[in-house]
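Enquirer: Generate a structure from the sequence data that follows.
(chains A and B)
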Protein chains: 2
Amino acid sequence: MEEKEISKAVIKRLPRYYRYLGELMESGVERISSNELSERMNVTASQIRQDLNNFGGFGQQGYGYNVEYLYNEIAQILGIDKIHYMIIVGAGNLGQAIANYTNFEKRGFVVKGLFDVNPRLEGLTVRGIPIQNLDEMPNFIKEHQIEIAALTIPKTRASEVVEILVKSGVRAIWNFAHTDLKVPDGVIVENVHLSESLMRLSYNLVNMKRNKKLEK
Amino acid sequence: MEEKEISKAVIKRLPRYYRYLGELMESGVERISSNELSERMNVTASQIRQDLNNFGGFGQQGYGYNVEYLYNEIAQILGIDKIHYMIIVGAGNLGQAIANYTNFEKRGFVVKGLFDVNPRLEGLTVRGIPIQNLDEMPNFIKEHQIEIAALTIPKTRASEVVEILVKSGVRAIWNFAHTDLKVPDGVIVENVHLSESLMRLSYNLVNMKRNKKLEK
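Expert: This is a model prediction of the structure:
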């Protein structure tokens, strides 16, 4: 496929298309029109056509989209048609939850190692993956060609760990620490700030109540 | 404060302002100019002024923003100046991670109960909170005025659990199940789709590599 610039908004929506197409495949659906997909996804059909046209317009008038083809194309665009080796830094509940979530592995994200500073965790395993001391991390990253590190540690330790990760060759950080990481060019950060998500929920909740009061 | 419509984009940014203002307060900073805040947050000063003007323009020429005042105003807008009672449905690693995260409680989100279908978890406690069977949930929600439910269960069980939650009076669902929930009007859903976040990371990673190749 030819490379072209795709807008951030479209990229943000792609994983959701991917999920729906995967579910369609699981239920044996081979093709689908933008109208049908629109109903399922609660997005307008024209939005769907516009989004999917970014990838060369797989849809055909009167035929619709070939589900498997589109699924595979999106996988390729998202880079999940390849294997990515990952480590998890911070083997607390959240780190262990991620290590245990086999769906990530199905998408090509293979957790090769777990690291923690807590000596009591050392030697324990999660889904067969041993928890190692942070000192072992730099060599491990190089030896196992680790590209991605999930950061599930408190924010106070984040910057020192990020420095080690970047020096050792990690290219992407999946950051759960509640702070903005400083990384050099050429290193990707994807944030999951759970507190912020909870605050947005709270805003919507109180705002709904306020509006209800105004209506009365 | 007078109510007025605030754009979604601003709301999305508010929790980040709140975090930075909190950190400023912790370090004893009493006031800050939009320029200083701009440097710290890596956002333009004009964006900051525009965003914060939504709340009545607390900033004064030559004085800057009163950190504590702004912090408290944003807390009020986000609804985190009040206590919200919460339960967690699904007491696996992720559910336990959320239950253990005391920072949520500091923001007013108090976890009152943990629920699971797994009988082996029953009677265990996380941070003093007992894990109960799902059958106990409807009464518990009513008795403890639970507003929010964090949903950390597999997507296959999500819709049946959501129905129980809504019937029992829950007004907001913090959804970690990898599916789109169907809820009636008047119920808020805030999604945390970890797989989608990981796919965006993957896209940015492969796209960076592609661009590097093109540069060569």
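Enquirer: how about stretch A:125-134 against chain B, any contact?
Expert: No. Figure legend: stretch A:125-134 not in contact with chain B (C-beta under 8 Å from any C-beta of the partner chain); closest approach 8.8 Å. Quick note: C-beta positions are derived from backbone N, CA and C, even for glycine.
Enquirer: For residue A:164, identify the helix or strand it belongs to.
Expert: If you go by DSSP states H and E, residue A:164 is part of helix A:155-168.
Enquirer: tell me what that helix is packed against?
Expert: helix A:137-143, strand A:148-151, strand A:172-175 (3 or more C-beta pairs under 8 Å, 6 or more residues apart in numbering or on different chains; DSSP states H and E).
Enquirer: What separation do you get for the residue nearest to residue A:187 when sequence neighbours are not counted and chain B?
Expert: Using C-beta to C-beta, 6 or more residues apart in numbering or on different chains and skipping residues adjacent in sequence, the residue nearest residue A:187 is residue A:166, 5.6 Å away. From residue A:166 across to chain B, the span is 14 Å (C-beta to the nearest C-beta, to the nearest Å).
Enquirer: so what's residue A:166 up against?
Expert: A:183-184, A:187 (C-beta atoms under 8 Å, 6 or more residues apart in numbering or on different chains).
Enquirer: Filter the residues you listed down to the buried ones.
Expert: For the contacts of residue A:166, a burial check counting by 16 or more other C-beta atoms under 10 Å in any protein chain shown picks out A:183, A:187.
Enquirer: Let me know how buried residue A:192 is, in neighbour terms.
Expert: As a burial measure, residue A:192 scores 21 neighbours (other C-beta atoms under 10 Å in any protein chain shown).
Enquirer: which strand is the longest one in chain A?
Expert: In chain A, taking DSSP state E as the definition, the longest strand is strand A:109-116.
Enquirer: tilt between that one and helix A:155-168?
Expert: 120 degrees (axes from the mean of the first three to the mean of the last three C-alpha atoms, to 10 degrees).
Enquirer: so, in contact with chain B or not, strand A:109-116?
Expert: Yes. For strand A:109-116, a contact with chain B is found by C-beta under 8 Å from any C-beta, at residue A:109.
Enquirer: now swap in stretch A:25-42 and tell me
Expert: Yes. With C-beta under 8 Å from any C-beta as the measure, stretch A:25-42 is seen reaching chain B through A:41-42.
Enquirer: Please export the C-alpha coordinates of that stretch as CSV.
Expert: Once non-C-alpha atoms are left out, stretch A:25-42 reads as follows in CSV (Å, rounded to 0.1, in the frame of the first residue of the first chain):
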residue,chain,number,x,y,z
MET,A,25,-15.3,-11.9,11.0
GLU,A,26,-15.9,-13.9,14.1
SER,A,27,-19.6,-14.1,13.3
GLY,A,28,-18.8,-15.1,9.7
VAL,A,29,-19.8,-11.9,8.0
GLU,A,30,-17.8,-11.6,4.7
ARG,A,31,-18.9,-8.2,3.5
ILE,A,32,-20.7,-5.2,4.8
SER,A,33,-22.1,-1.9,3.5
SER,A,34,-21.2,1.4,5.0
ASN,A,35,-24.9,1.7,6.0
GLU,A,36,-24.9,-1.5,8.0
LEU,A,37,-21.6,-0.7,9.6
SER,A,38,-22.9,2.7,10.4
GLU,A,39,-25.9,1.2,12.3
ARG,A,40,-23.7,-1.1,14.3
MET,A,41,-21.0,1.4,15.1
ASN,A,42,-23.3,4.4,15.7
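Enquirer: Report the distance from that stretch to the chain centre.
Expert: Its chain's C-alpha centre lies 23 Å from the corresponding centre of stretch A:25-42 when counted by C-alpha atoms, centre = their mean, to the nearest Å.
Enquirer: before we move on, what about stretch A:152-167?
Expert: Going by C-alpha atoms, centre = their mean, the spacing between the C-alpha centre of stretch A:152-167 and its chain's C-alpha centre is 19 Å.
Enquirer: Sweet, I'm off.
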